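Undergrad: Mind looking at a prediction? Sequence and model below.
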Amino acid sequence: MRSTLLSGVANRGCRRLSSGLWGLAIFRTARWRCWLLVGQAVSPVCRLKGGYCPAVAHKPRRLVTGLKEPPQKAATGRIARPTTIALLAALTLLAQSAPDTLRTGPQLSTFHSDVDDSNQPYALYLPKSFDPGKKYPLVVSLHQEDSNHRLNLRSLFGAATRLGGEADTEDMRYFPPVRDVDFIIACPYARGTMGYQGIAEKDVYDMLADVKRRFPVDEDRIYLTGISMGGAGALWLALTRPDVWAAVAPVSPLPGGVAEELAPNGLQLPIRLFHGDQDPVASVETSRRWQRKLQDSGVTADYLEFPGVRHNAWDLAYRNGAIFDWFAKFRRNPFPDRVRFVTRSYRYSSAYWVRIDGLTPGMAASIDAEWTANGEFHIQTQNIEGFTITVAPAHLPLVRQVGQAVPPASSSVLTVSIDATPVRVKPSPSLSFTKSAGRWQSGRFEPTGKRPGAEGPISEAVSARQIYVYGGSGARTAEELEARRKIAETAAAWSTARSRLALSLAVKADTAVTAADLDSADLILFGTPETNSVIARFAPSLPLALSPAAADFGLLFIAPIGKHYALVSSGLPWWTGADEANRSGNSLAPEQLRLLSSFGDYILFKGSLTNVVAEGRFDRNWKVPADAAQKLLSPGTVTVH
C-alpha cells in the first residue's frame, strides 16, 4: 500500500494497538483498511500529513508503510526480521478484529489554552452511529454556577445530576442510559463559576474551534444553550456574535451580564427561553422581560414558562431530548436579507455580511442593513464612521465569482442608500464606505488611535493571557519587596474558598519580564516609573502618571503597548475600599474581574474607592478629554501626557 493513501485517512480514526518503541495502527474507513507501523509511538498527539487522529495518540518519529516489518531484537542482541508472510498474517488478523476506532457516546476531552498554558476540560458526546464522512449538527451547552461540564452534559439529556464528590471518570463511566441523538455535543468547563465573558468566553470559542478541528461539524447547524449562569452566558454569546449560531435556548438565565440594548442583534436568530414561575434564584421576570425586549426588536423569541417550577426548569426543558428536536428545525442563513447589529466595541464588530470599521469604543454604535428585492442596499447607521458589507453571490448577479465581474451595460453601477443618501459604487463582492465631513463615500475606514485590539476598557487587559508584574526598584528592605510581591499575587488570585477556578495567572518581578512576555501577554504593572522598570520603559508613551509622593491616592489606567495592553496600578491597589464602594460590574464574574469590569479606561481615587476623584474613558486618540483632565489634575498628584 502506498503511503500517499494514508494521508486521506489520517483523520478518519485509528487505534494504537501497542505502545513503546514500536506501535501498529489500523486505519479504517467505510471502504477499506490500511496499516501503519509507527516508531516511538509515545507522545499525546498524532499528526500525519496534516491529519489528526485522536485515537492513536502519538506523534511518530518514524513511519513505515506497506509490508515492511519493524526490527526486533534477537537473543544474540542483533537485529532479526520476521518473514513478510508471518507479519502479513498477523496484520490481517488484527485488521479483522480491530474494534471501532473512534469512541462514541459521552466522554471527556481537553483543548490547550494559551491564557495560562493549561489543558482545559470539556464534556463531549458523539452519536453512536458516528460517521466521519458525514457533517453533524453541534450543540454547545453552558453549565450553571457551582457546577461543571460533566454534570451539564447529563442535564442536557434530562438525566439526574449530583453536585460535588464525583470524579471525572465516574461521571462518564456511569452515564445513565439516554436517548441517542444525531448531534455532536460539547460542554465547556470554562474555568468554573466565572460567567461567560473574558477568559471564560475565550474558552468557549477555543473549545468550539477544537471540536470543529477534530470532527466534521456543519457550520450552519451550531446551536447554543445554557442553564442559570449558562443561560445568561448563552444570551451574551448569542447577541454579541449572532452569526455563529443557528438557534439559542437560554434556560432560567440569571440577571445581569447582558445589556438589553443588544436585543436587535438576534433578528435572524431563533431564541427560545425557559423558566419556572417559582424560581427563587433567577426571577422569572428576567425571561419575561427578555422575551418582550426581543420581540419588540423583531426577534423570533419563544418563551415556555413552567407553573410551580423552581430553579430547575431545565429538567422540563431538556426532558426526553426535546431540545434537540427544537434545534433540528433551524439552519443558519449566513446571508440573510436584513442584518441589525448594535455594539460598543471593536471586539464585537461584525455579524453575517456586515462589519463596522469605525466607531467610538464605549459608545453604542448601530447598523441596520437590508438587501431589497429590486437589488439595492438600504442602510441606516448611528455613531459609525465606516463599515464594510460582503455581498452574497445570490444578491449580486453582476458578480459571477470573486474578482470576476461581468456587468451588463445597464447594470454596471450598484446603488447603496446610506442614511437616506444614495451612494453609487462599482459592483464588487466587498463594498466599504467611510464618512468624511458628514457625508458617506466609497472607501475603507482605517481607525487610528483606538482600534481593534487597542480600545480598552480596563477589563480588556484581563481577558486573555496576562502577567502580573511587581517592581523591585528602590525597595529598601526584603520586607518591602515581599509586600510588593504580595500585592501582585493578591490581584492574580481570582479563586476564592467558595469558588475554585481552573486558572493560574503568572506573577513576575519586573526584572524577570522577557521579550517573549511582551510579545505574548497583557501586563498588569504595579508601581510607578521609580519602582517598576517596565513602567519606566513605557512611561513616555503612557497617558497618565501618579506622583510617587501621592501615598493616599490610587490610579489605575489601561494603555496599549505594542500588540498588547498595559494595565498600570500606581499607589493604592484598585480594590482598596471595594467592599464599601459597592460598585456594579458583571455580577456573574469572580470578584477581581467584576470590580475591574466596573471601570472605564482610568480611575483616580483618594483613600478608597468610596472617594473617586475622576474616572472615565480616553478619547479615540488615547487622550484624556479636557473636562476630565481638570479633575485628574486638581489634586496635584497626576501628570497628564
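TA: Great, that's in hand. Numbering: from 1, shown residues only.

Undergrad: Could you use CA atoms for every contact and neighbour count after this?
TA: OK.

Undergrad: Do you have the strands of the stretch 151-300 of the chain handy? List them.
TA: Taking DSSP state E, counting those that start in this stretch to define them, one finds strands in the stretch 151-300 of the chain at 184-188, 217-227, 247-251, 271-276.

Undergrad: what's the closest of the ones you listed to Gly577?
TA: Nearest to Gly577 among those is strand 217-227; the distance by CA to CA comes to 33.3 Å.

Undergrad: residues in contact with the residue most central in space within the chain?
TA: By CA atoms, centre = their mean, the chain has its centre lying nearest to Lys202, at 2.7 Å. Lys202 sits next to Ser463, Ala464 when contact means CA atoms under 8 Å, 6 or more residues apart in numbering.

Undergrad: hey, which of the strands of the stretch 151-300 of the chain is tucked in deepest?
TA: Highest mean neighbour count of the strands of the stretch 151-300 of the chain: strand 247-251, a mean of 30 (counted as mean count of other CA atoms under 10 Å).

Undergrad: quick revisit: quick one, which of the strands of the stretch 151-300 of the chain is nearest to Ile487?
TA: Relative to Ile487, the nearest member of those by CA to CA is strand 184-188, separated by 31.3 Å.

Undergrad: now that closest one and strand 217-227, what's the angle there?
TA: Orientation check (axes from the mean of the first three to the mean of the last three CA atoms, to 10 degrees): strand 184-188 against strand 217-227 gives 50 degrees.

Undergrad: Below-threshold pLDDT in the stretch 151-300 of the chain: ranges please.
TA: The stretch 151-300 of the chain contains residues with pLDDT under 70 at 160-174.

Undergrad: same check, this time on the chain
TA: Along the chain, the model assigns pLDDT under 70 to residues 1-101, 160-174, 395-411.

Undergrad: Please work out how many residues are found near the nearest residue to Ser570 once chain neighbours are set aside.
TA: Nearest residue to Ser570, sequence neighbours excluded (CA to CA, 6 or more residues apart in numbering): Gly527, at 4.7 Å. By other CA atoms under 10 Å, the residues close to Gly527 number 26.

Undergrad: now the one 5 residues further on
TA: Each residue near Asn532 was counted by other CA under 10 Å, and the total is 22.

Undergrad: Next, the contact list for it, please.
TA: Remark: with contacts taken as CA under 8 Å, 6+ apart, Asn532 is in contact with Tyr470, Gly471, Gly472, Ser473, Asp510, Leu525, Phe526.

Undergrad: Swap in 10 Å and give it another go.
TA: Val469, Tyr470, Gly471, Gly472, Ser473, Gly474, Ala509, Asp510, Thr511, Leu525, Phe526, Ser570 (CA atoms under 10 Å, 6 or more residues apart in numbering).

Undergrad: If the last one is in a bridge, with which residues?
TA: Pointing back at Ser570 there. Applying DSSP bridges to Ser570 gives these bridge partners: Leu555.

Undergrad: Am I right that it is in contact with Phe557?
TA: Yes: contact status for Ser570 versus Phe557: in contact at 9.0 Å, counting by CA atoms under 10 Å.

Undergrad: who touches both of those two?
TA: Common contacts of Ser570 and Phe557 (CA under 10 Å, 6+ apart): Ala545, Leu604.

Undergrad: Pull up the pairing partners for the helix or strand Lys435 falls within, direction included.
TA: If you go by DSSP states H and E, Lys435 is part of strand 430-436. Paired strands of strand 430-436, with direction, are strand 386-390 (antiparallel), strand 439-442 (antiparallel) (DSSP bridges).

Undergrad: Export those to JSON lines and append columns for mean neighbour count and distance to His311.
TA: Converted to JSON lines, the strands paired with strand 430-436 look like this (neighbours: other CA atoms under 10 Å; distance: least, CA to CA, whole Å):
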{"stretch": "strand 386-390", "mean neighbour count": "21", "distance to His311": "43"}
{"stretch": "strand 439-442", "mean neighbour count": "16", "distance to His311": "51"}
